[in-house]
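# what's the 3D shape of this:
(one chain, ligands or ions: 1)
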Amino acid sequence: DGFPPELAERVARRQSSFGASSVLFYEQPIEMVRASGAYMYDVNGRRYLDVYNNVPSVGHCHPRVVEAIARQVGQLNIHTRYLNRVVEDYAEKLLATFPSPLGNLVMTCTGSESNDLAMRIARIGTGGEGFIVTEAAYHGNTALVTEISPSSLRRREPALFVEVIPAPTAHDDMSVEDSFAASVEQAIAKLRARGLALAGMIVDTIFSSDGIYADPPGFLKTAVDIVHRAGGLFIADEVQPGFGRSGGGLWGFRRHGITPDIVTMGKPMGNGFPMGGVVTRPDLLKMFCEETGYFNTFGGNPVAAAAGRAVLEVIEEEGLIEASRSVGTGFRQALEALRMAHPQIGEVRGAGLFIGLDFIDPEQVAPDSALTTHVINEMKQNGILIGAAGKFGATLKIRPPLCFSSDDAAVFVATLDTILEAR
Ligand code: PMP
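Down below sits the predicted model:
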């Protein structure tokens, strides 16, 4: 239906400012002007169901969070070197959600900063250098964290201190748990062969960028034991699964019955207010701080703390963990039923309101990224926002705000059914 000239002009204007770094969704990008709950509205007043964004996790522009931010920004917004009740209250409230011995919090502004700090803490705490990560992982954008984000590296392999392992799937007659553990074992041996001791393994506990691998609960346990036996630390990147999304408590690692040495978080922490954090053992933080100072001008400012506190209150009061579990389970079942009707759907995986749906070419039994792109664009035409994940970009990444309803899920399923039917 052609590219409207005014839109072409807008895109060109944007590119003249942001150059090669400008990334836009869709062949014909959308201009968004406002959002509420699980819906976004474009400049023409068209409504979109948001099945993509996990940052506004308790709902776009949640009035409670908006009010908390507005009130605090009008009262005091300053760096972190003064006593402040809002900040202290928030830290206690957040830390109370973690198992012992995870007793200290460092506040940052992004997930990237959190992972960068976690890597530095792990290196000082272990004396090791090496890290293990999964093959399509993304952990952030600093120089150090880019090396453990294979999905960002377009022209080369990660640095020598990194060993990359496959996403957790069952193969060679081995269970998910055993094959993942075997990969970790091999990675440790390869690092050792290069003269590198292990600092740690870092995984997103729901493997978002790898294509969403949640099951069976507990499969990470053996791998984490191996990491510990090798002298390394386990870093749980909760930037994606954290704050209730996986439906099994506030944190994704809980589903695996493990206690990480370091937990990093970001995205949904402030429901859109930029904030991140690192939670770790006091002994590890002490070793790190004796070695090097850490100051973050904006991390842990009172406005971030006010936003973070409101997010925790809303999750609790609106029962969003239970909602994520129950709406997510029904949603997965409906998608599973759709799979029976459409051979292009390969597998449906997930936990809570984080679901991965693979598209395959049933004849080739191969990932179908072209169909995935087709579905994403058709969904947009039907007023639904959705994205892709996985090594082949052939997995639908279903990750709506946690206020997403069963009716919203039904709309999504019916629309996907129609799109696949017409293909
Ligand atoms: N870890 C994971 C698992 C992520 O998905 C992301 C962002 N996509 C990050 C870390 C980095 O967070 P940020 O963009 O806030 O730096």
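
# Okay, strands next: where are they in the stretch 1-150 of the chain?
For the stretch 1-150 of the chain, strands defined by DSSP state E, counting those that start in this stretch occupy the ranges 32-36, 39-42, 47-50, 104-108, 130-134.

# looking only at pLDDT, what's the mean for the last one?
So the one you mean is strand 130-134. Averaging pLDDT along strand 130-134 gives 98.

# Sheet-wise, list the partners of it with their directions.
Here strand 130-134 has these sheet partners by DSSP bridges: strand 162-165 (parallel), strand 198-204 (parallel).

# Ranking those strands by mean neighbour count, which comes first?
Among the strands paired with strand 130-134, ranked by average contacts under mean count of other Cβ atoms under 10 Å, first place goes to strand 198-204 (a mean of 27). The C-beta positions use only the backbone N, C-alpha and C, and glycine is treated the same way.

# Mind checking what helix or strand follows that one in sequence?
Toward the C-terminus, strand 198-204 is succeeded by helix 221-229 as the next helix or strand (DSSP states H and E).

# I'd like to check the angle between whichever helix or strand comes after that next one and strand 130-134, please.
Elements were assigned by DSSP H and E; along the chain past helix 221-229, the next helix or strand is strand 233-237. Calculated by axes from the mean of the first three to the mean of the last three Cα atoms, to 10 degrees, strand 233-237 forms an angle of 40 degrees with strand 130-134.

# Indicate which one of the strands of the stretch 1-150 of the chain is closest to M275.
M275 lies closest to strand 104-108 among these, at 6.8 Å (Cβ to Cβ).

# export the closest one as CSV, just CAs?
Taking C-alpha atoms only, strand 104-108 is exported to CSV below (Å, rounded to 0.1, in the frame of the first residue of the first chain):
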residue,chain,number,x,y,z
ASN,A,104,23.2,-5.8,49.9
LEU,A,105,22.0,-3.6,47.1
VAL,A,106,23.8,-1.3,44.8
MET,A,107,21.5,0.9,42.7
THR,A,108,22.4,1.8,39.1
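
# quick one, domains of the protein?
The chain breaks down into these domains under automatic domain parsing: 31-58+319-422, 63-317.

# touching the ligand at all, the first one?
No: using Cβ under 6 Å from any ligand atom, domain 31-58+319-422 never reaches the ligand; the gap is at least 8.7 Å.

# any residues touching stretch 25-41, and which ones?
With Cβ atoms under 8 Å, 6 or more residues apart in numbering as the test, stretch 25-41 has contacts from 3-4, 7, 10-11, 42-43, 47-50, 56, 59-61, 376-377, 380, 385, 387, 400-401, 403-405, 408.

# how far does it sit from the chain's center?
Its chain's average C-alpha position is 20 Å from that of stretch 25-41, according to Cα atoms, centre = their mean, to the nearest Å.

# CA atoms of that stretch as PDB?
Extracted C-alpha coordinates of stretch 25-41, given in PDB (Å, rounded to 0.1, in the frame of the first residue of the first chain):
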ATOM      1  CA  PHE A  25      10.400  -1.100  14.300                       C
ATOM      2  CA  TYR A  26       8.300  -2.100  11.200                       C
ATOM      3  CA  GLU A  27       8.600  -1.300   7.500                       C
ATOM      4  CA  GLN A  28       6.300   1.700   8.200                       C
ATOM      5  CA  PRO A  29       7.200   2.900  11.700                       C
ATOM      6  CA  ILE A  30       4.500   4.000  14.100                       C
ATOM      7  CA  GLU A  31       4.500   7.400  15.900                       C
ATOM      8  CA  MET A  32       3.300   6.700  19.400                       C
ATOM      9  CA  VAL A  33       1.800   9.500  21.600                       C
ATOM     10  CA  ARG A  34       0.400   7.900  24.700                       C
ATOM     11  CA  ALA A  35      -0.200   4.600  26.500                       C
ATOM     12  CA  SER A  36      -2.200   3.200  29.300                       C
ATOM     13  CA  GLY A  37      -2.400  -0.300  30.800                       C
ATOM     14  CA  ALA A  38      -1.700  -2.800  28.100                       C
ATOM     15  CA  TYR A  39      -2.500  -0.400  25.200                       C
ATOM     16  CA  MET A  40      -0.500   2.200  23.200                       C
ATOM     17  CA  TYR A  41      -2.000   4.900  21.000                       C
END
